[in-house]
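Enquirer: prediction below, plus the sequence it came from.
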Amino acid sequence: VGRGLVERAMDTSEEVNPRAQIEAAEEELYKVAADGGSDNQIKTFVQASTITIKMAEVALNSGGHISGITTGLESLNAKIGGMHRSDLM
């Protein structure tokens, strides 16, 4: 879902209807939220810590590049390091 949202957001052609694009994104995100998902399970502190440490290692080893999926906005990427799985539900 996240990758599709980013790819459609990067489409700057005049045929793109911004309102329809937003409505489609809302619908896709609602479906993800309503259906839940395997990542929507409760995690123990140890599991959450392990995931967080792995994410920190990826960020540290990224060589100054973003550690997540690009938002398409360089200034936002610089602040948040791109979007991560937890950001995308």
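Expert: That came through fine. Quantities reported herein were computed from a predicted structural model and do not represent experimental measurements.
Enquirer: residue contacts, T70?
Expert: Applying Cβ atoms under 8 Å, 6 or more residues apart in numbering, one finds that T70 lies in contact with V6, N77, G82, M83. Glycine gets a C-beta too; all of them are placed from N, C-alpha and C.
Enquirer: any idea how many residues pack against M83?
Expert: For M83, the tally of surrounding residues (other Cβ atoms under 10 Å) stands at 20.
Enquirer: quick check: it touching I69?
Expert: Yes: with the criterion set as Cβ atoms under 8 Å, M83 and I69 qualify as a contacting pair; they are 4.8 Å apart.
Enquirer: common neighbours of those two, please.
Expert: Contact with both M83 and I69 is made by residues G2, V6, according to Cβ under 8 Å, 6+ apart.
Enquirer: so what touches stretch 75-87?
Expert: Around stretch 75-87, the neighbours that count as contacts under Cβ under 8 Å, 6+ apart are G2, V6, D39, M55, A59, S62, I66, S67, G68, I69, T70, T71.
Enquirer: ok, now stretch 16-27?
Expert: Contact partners of stretch 16-27, identified using Cβ under 8 Å, 6+ apart, comprise L5, R8, A9.
Enquirer: let me know the closest of those to K43.
Expert: L5 (25.0 Å; Cβ to Cβ).
Enquirer: tally up the residues packed near the closest one, please.
Expert: Burial of L5 is recorded as 19 neighbouring residues (other Cβ under 10 Å).
Enquirer: quick one: the closest residue to it other than its chain neighbours from A9, how far?
Expert: Ranked by Cβ to Cβ, 6 or more residues apart in numbering and with sequence neighbours excluded, the top spatial neighbour of L5 is A25, at 5.3 Å. Distance from A25 to A9, counting by Cβ to Cβ, to the nearest Å: 8 Å.
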